[in-house]
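> mind looking at a prediction? Sequence and model below.
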Amino acid sequence: MLRKPWFINFTNPAGVITEVMTRVLGNKVVGICDSPVGLARRSLAAAGVHGVDVRSRRVEIDYIGLNHLGWLRGLVVDGEDVLPRLLADPAAIESFEEGRLFGAPWIQALGAVPNEYLHYYYFTREALDADRRAASTRGASLARQQSAFYGGFRGGNDGGTEPAAKPALRLWEKTKLDREETYMQSNREAAGTFERDAADLVSGGYEAVALAIMRAISQGETARLILNVPNRGTLAELDGDAVIEAPCLVDAGGVRLLPAKALPDYARGLVINAKAVERATIEAALTGSKRSAYKAMAMHPLVDSVRVAQDLLADYISHFSELQYLR
């Protein structure tokens, strides 16, 4: 008898898409993101721990939250939590990407290292100002990058049929490197303008997490990974079906959330609010409710006015024909 397969979701927003898919496919859906493991890897190096794979059994990562809204609270290596060592050293904190984004004073005040995307929440004014000063939006830049790739792959934009001068793989690697180098560029400019470290440009994010899940389930290996799965009582503030991003144990038996400490005070309000926004977004997508879409926009903490939310939604619907179903 064929067993029901697992579905590994790469699609962003990973938490939202995974939550919708679990309603249809059941519990054999898992969402992945490379941000938490990247944060843990950089924090481990900044704490002075080298030569240890952050995904090995020697390492336990205490990370909790939602997709793109989480915090690293502990980093245990061979039984010792090395995060306090990092938090006690301002120079070490500001030696890696998240430390430069948030600054040592804020990270020390939290007693945890935030996911990079929380820069939009903690430094909203600065991030918005940098975006306004940027030559173009991130979306427009990516559209140009991808168009250049496909144009080069087809032999250029002159309509010719000759093969591209560079092999497709080489052209893609160049495009991907450019994308990684400019990732969150306006946020880095808002934090004082710094370039990404070469180690953070190396491939091996999403695909490495996905392959680790496949090996664990199909070959009986054991892996500890930060994944997007239904809450099932892990966080008391959210219902059981709410997808969260947290440490999981993966083996031949499937994916299971590991026990986690309660949400800290600094995270509780943001997580509850963000989940309400996600739920309103899901309701709008599945039912075509314009009212739910309006609620999702207006409740989002990065939208500072209900009127702005109303205008944003109207502009989106006018610009994107795919949203015409909202009524």
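Noted; the coordinates are in hand. Residues are numbered from 1 along each chain as shown.
> roughly how far out does stretch 3-10 sit from the chain middle?
Centroid displacement of stretch 3-10 relative to its chain, using C-alpha atoms, centre = their mean, to the nearest Å, is 20 Å.
> over to stretch 31-50?
Relative to its chain's centre, stretch 31-50 lies at 13 Å (C-alpha atoms, centre = their mean).
> that one - what's its average pLDDT?
If you average the pLDDT over stretch 31-50, you get 95.
> cool, stretch 64-72 as well?
98.
> gap between the two ends of that stretch?
7 Å (C-alpha to C-alpha, to the nearest Å).
> what distance separates that stretch from the centre of its chain?
With C-alpha atoms, centre = their mean, you get 8 Å for stretch 64-72.
> and what of stretch 237-250?
With C-alpha atoms, centre = their mean, you get 15 Å for stretch 237-250.
> now swap in stretch 302-314 and tell me
24 Å.
> so Lys247 lies in a strand, does it not?
Quick fix: residue 247 reads Pro, not Lys. Yes. Under DSSP: H, G, I helix; E, B strand; the rest coil, Pro247 falls within a strand.
> that one - how many residues pack around it?
19 (other C-beta atoms under 10 Å). Just so you know, the C-beta spots here come from the backbone N, C-alpha and C atoms, and that holds for glycine as well.
> with Glu181 instead?
13.
> same deal with Leu263?
Neighbours of Leu263 using other C-beta under 10 Å come to 22.
> can you pull the contacts of it?
64, 235, 237, 271 (C-beta atoms under 8 Å, 6 or more residues apart in numbering).
> helices along the stretch 1-150 of the chain, start to end?
Remark: helices assigned in the stretch 1-150 of the chain by DSSP state H, counting those that start in this stretch are 14-25, 35-46, 83-87, 90-93, 97-102, 104-110, 119-122, 124-133, 138-153.
> save the ones you listed as JSON lines, and put in distance to Tyr266 too.
Formatted as JSON lines, the helices of the stretch 1-150 of the chain follow (distance: least, C-beta to C-beta, whole Å):
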{"stretch": "helix 14-25", "distance to Tyr266": "19"}
{"stretch": "helix 35-46", "distance to Tyr266": "17"}
{"stretch": "helix 83-87", "distance to Tyr266": "14"}
{"stretch": "helix 90-93", "distance to Tyr266": "17"}
{"stretch": "helix 97-102", "distance to Tyr266": "12"}
{"stretch": "helix 104-110", "distance to Tyr266": "6"}
{"stretch": "helix 119-122", "distance to Tyr266": "10"}
{"stretch": "helix 124-133", "distance to Tyr266": "16"}
{"stretch": "helix 138-153", "distance to Tyr266": "27"}
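> tell me which of the ones you listed lies nearest to Leu171.
Leu171 lies closest to helix 138-153 among these, at 5.2 Å (C-beta to C-beta).
> and that closest one, which residues are buried?
Of the residues in helix 138-153, 138, 141, 145, 149, 152-153 count as buried by neighbour count, 16 or more other C-beta atoms under 10 Å.
> by contact count, what packs against it?
helix 168-181 (3 or more C-beta pairs under 8 Å, 6 or more residues apart in numbering; DSSP states H and E).
> which secondary structure elements does the helix it packs on contact?
Packed next to helix 168-181, using 3+ C-beta pairs under 8 Å, 6+ apart, are helix 138-153.
> which stretches of the stretch 151-300 of the chain form strands?
For the stretch 151-300 of the chain, applying DSSP state E, counting those that start in this stretch gives strands covering 223-230, 243-251, 254-257.
> JSON lines for those, including distance to Ile107 and mean pLDDT?
Listed next are the strands of the stretch 151-300 of the chain as JSON lines, based on distance: least, C-beta to C-beta, whole Å; pLDDT from 0 to 100:
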{"stretch": "strand 223-230", "distance to Ile107": "19", "mean pLDDT": "96"}
{"stretch": "strand 243-251", "distance to Ile107": "19", "mean pLDDT": "97"}
{"stretch": "strand 254-257", "distance to Ile107": "26", "mean pLDDT": "95"}
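> tally of neighbours for Arg224?
19.
> hmm, it is touching Leu258, no?
Yes. Checked against C-beta atoms under 8 Å, the pair Arg224 and Leu258 is within contact range at 7.3 Å.
> what sits in contact with each of those two?
Residues touching both Arg224 and Leu258 by C-beta under 8 Å, 6+ apart: 247-249.
> okay if I get those residues as TSV plus distance to Ser318?
Formatted as TSV, these follow (distance: C-beta to C-beta, whole Å):
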residue	distance to Ser318
Pro247	43
Cys248	41
Leu249	47
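> now do the contacts for the spatially closest residue to Val20 that is not a sequence neighbour.
Distances taken as C-beta to C-beta, 6 or more residues apart in numbering put Ile282 closest to Val20, at 5.8 Å, once the chain neighbours are dropped. For Ile282, the contacting residues are 16, 19-20, by C-beta under 8 Å, 6+ apart.
> which of these tops the neighbour count?
Busiest of the contacts of Ile282 [other C-beta under 10 Å] is Glu19, holding 28 neighbours.
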